[in-house]
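>>> have a look at this prediction, sequence included:
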Amino acid sequence: MTQMVAEVVTEVRGQVGFITLNRPRALNALSLGMVRDLMAALLAWQDDASVQAVAIRGSNKEGPFGAFCAGGDIRFLHQAGSQGNPQIEDFFSEEYALNHLIHNYRKPYIAFMDGIVMGGGMGISQGAALRIVTERTKMAMPETAIGLFPDVGGGYFLSRCPGHVGEWLALTGDAIGAGDAIAFGLADGCLAVDQQAPLWDALGTQAFADGAAVKAFAASQLVAVSADTASVRGQIDQYFSLDSVAAIVAALEAADSDWARATAATLRKRSPLMLHVVLEQVRRARGMGLADDLRMERDMVRHCFYLRPGASETVEGIRALAVDKDHAPRWNPARIEEVQPALVASFFDSPWPAHAHPLAALR
């Protein structure tokens with residue numbers, strides 16, 4: 001008889017609730033079932049007086065840590081988006097509600113962001129009271145490569161990075177390490193890889209006065225690291241502050257630096273349509289609270305799959321990257337310069353009246 005292995009393992013040790021994402025072969029990519037398991041555990045612990053704080057980690061094929069979460073389950077999104085499976089709607093509504101809960105959680109939530117932390121992995125870690133990275137952390141919001149946008153609250157947390165770093169990360173999908181994550185306000189401190197297990201174990205064995213003491217103890221173990229992109233910060237702000245995607249790419253292509261040329265080449269590979277949508281998303285989100293940003297992103301993701309029936313940029317992007325793996329997406333429009341403003345604007349029209357919005361209850 002085959003034993004089903006839980007994809008989300010939860011336990012309480014001492015005064016802390018522990019969560020291990022346990023889908024290592026998929027780099028802990030989030031399924032609808034995992035989203036539901038996470039939500040159930042967090043809601044139960046939020047009202048459990050014996051649980052003072054929560055800690056979350058990922059696992060890899062060798063055991064705990066090594067990979068946090070590579071994002072949402074894009075193969076499911078491709079299948080559901082291609083075949084009209086209504087669970088795709090549930091997935092996004094419930095995932096974004098989970099992201100909102102984590103940002104507003106009433107107890108310290110401590111995220112061990114080791115290894116790959118991308119997309120949906122950012123969604124379940126950016127709202128943490130303590131965001132711990134390691135020298136192995138590879139952090140990114142790479143959605144424009146699959147014809148999507150940085151969702152899960154990406155508009156909210158990327159727009160709050162210093163300067164125009166948010167636009168750069170959102171448009172290019174470039175990955176950053178621990179030092180940059182801390183410098184950009186996307187992590188709180190670094191922990192050596194070999195110190196993760198001792199800290200994790202100590203959280204479950206020590207006695208703490210309250211949740212704040214749990215967080216303070218974990219934070220006391222963190223060390224500072226230097227940022228890798230300090231030398232190009234000026235260029236990031238110079239180019240990614242420009243008022244349109246076409247202007248950004250034209251300026252990068254005209255520049256005389258290796259970094260600018262490489263960045264322009266990256267942007268030319270991304271979905272032209274979604275680059276325009278994402279620049280608008282990040283700039284709108286700067287003036288929004290989290291709940292309004294998540295409602296906007298819920299509108300946008302509906303349009304990613306259904307605005308153009310049979311011509312979803314997201315379904316095509318996932319096909320090229322993860323299904324057929326030909327790495328030759330047929331973007332429509334094919335060039336940044338061909339994207340019409342009216343098409344971009346339509347992504348921001350809500351398909352629901354306010355009272356019937358799937359995330360109407362978020363505050």
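Everything's here; your move.
>>> hey, C-alpha coordinates of stretch 284-293 in CSV?
Extracted as CSV, the C-alpha positions of stretch 284-293 are listed here (Å, rounded to 0.1, in the frame of the first residue of the first chain):
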residue,chain,number,x,y,z
ARG,A,284,-0.1,51.8,-8.9
ALA,A,285,0.8,49.7,-6.0
ARG,A,286,3.1,52.3,-4.5
GLY,A,287,0.1,54.2,-3.4
MET,A,288,-1.9,51.2,-2.2
GLY,A,289,-2.3,49.2,1.0
LEU,A,290,-1.8,45.5,0.9
ALA,A,291,-5.5,44.5,0.7
ASP,A,292,-6.1,46.8,-2.3
ASP,A,293,-3.0,45.6,-4.0
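>>> report the buried residues of that stretch.
Buried residues in stretch 284-293, counted by 16 or more other CB atoms under 10 Å: Ala285, Leu290, Ala291, Asp292, Asp293. For the C-beta atoms, the positions are set from N, CA and C on the backbone; glycine is no exception.
>>> quick one: the helices in the stretch 1-150 of the chain, in order.
Under the criterion DSSP state H, counting those that start in this stretch, the stretch 1-150 of the chain contains helices at 32-46, 74-83, 87-103, 120-123.
>>> pick out whichever of the buried residues of stretch 284-293 sits closest to Asp210.
Among these, Leu290 lies closest to Asp210 (CB to CB), at 25.2 Å.
>>> who touches the closest one in this structure?
By CB atoms under 8 Å, 6 or more residues apart in numbering, the residues touching Leu290 are His100, His103, Asn104, Gly153, Tyr156, Leu362.
>>> how about these in TSV, adding pLDDT?
Formatted as TSV, these follow (pLDDT from 0 to 100):
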residue	pLDDT
His100	98
His103	98
Asn104	98
Gly153	98
Tyr156	98
Leu362	98
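>>> what subset of these is buried?
With burial judged by 16+ other CB under 10 Å, the buried subset of the contacts of Leu290 is His100, His103, Gly153, Tyr156, Leu362.
>>> verify the stated contact: the fourth one with Ala285.
Pointing back at Tyr156 there. Yes. Using CB atoms under 8 Å, Tyr156 is in contact with Ala285, at 5.4 Å.
>>> what's the overlap in contacts for the two?
Joint contacts of Tyr156 and Ala285 (CB under 8 Å, 6+ apart) are Asp293.
>>> could you pull out the helices for the stretch 201-350 of the chain?
According to DSSP H, counting those that start in this stretch, the helices that the stretch 201-350 of the chain contains are 211-219, 233-240, 245-254, 258-269, 272-285, 290-306, 313-318, 341-346.
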